[in-house]
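>>> no sequence for this one, just the structure:
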């Protein structure tokens, strides 16, 4: 096993361990906890790690925290994602999804992971996701796919 792969596996293991042992509210906190354990990581790498590990954000009485996904079942994730979306709107060229504050990036990662053929990609802010379609002719079809994918009826 290469040194780089060993480092990734060690980092992934530590991330799961930290998240399982205590409440972690944001990536900045997690970066600091990893640093305390001898692992330096950029926020971009950490975002990728969280996605690869199936880490989800769960609302708790103390605030929204990271948790290791419950076996990553698609229906569980879809139900949680559906709760984050406030609205889907569009014009002749683009689709905009509004979410609760701080939830857009997680929803965008989920959308990207679904590999919807007619989407070029997503851009997420704090509470807004811009969906870029492959063709403007398929906007209404994409919206229907998104509603199904996100579990919104």
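Cool, got the structure. Small disclaimer: the values here were computed from a predicted structure and weren't measured. Numbering: from 1, shown residues only.
>>> Using the three-state scheme, assign residue 92.
coil (DSSP: H, G, I helix; E, B strand; the rest coil).
>>> Wait, a strand at residue 39?
No. Read with three-state DSSP, residue 39 is coil and lies in no strand.
>>> List the residues that contact the residue nearest to it when sequence neighbours are not counted.
Nearest residue to residue 39, sequence neighbours excluded (CB to CB, 6 or more residues apart in numbering): residue 11, at 5.5 Å. Placement of C-beta: from N, CA and C, glycine included. By CB atoms under 8 Å, 6 or more residues apart in numbering, residue 11 lies in contact with 34, 39, 41, 49.
>>> And residue 11, how close does it get to residue 40?
10 Å (CB to CB, to the nearest Å).
>>> Overlap of the contact sets of these two?
residue 34.
>>> all strands for this protein, in order.
Counting by DSSP state E, the chain has strands at residues 55-60, 63-68, 85-90, 95-99, 119-124, 128-133.
>>> what does the second one contact?
To tie it back to what came earlier, the one meant is strand 63-68. 16, 19-20, 23-25, 30, 50, 53-58, 102.
>>> Ok, which of the strands of the chain comes nearest residue 108?
Closest of the strands of the chain to residue 108 is strand 119-124, at 3.7 Å (criterion: CB to CB).
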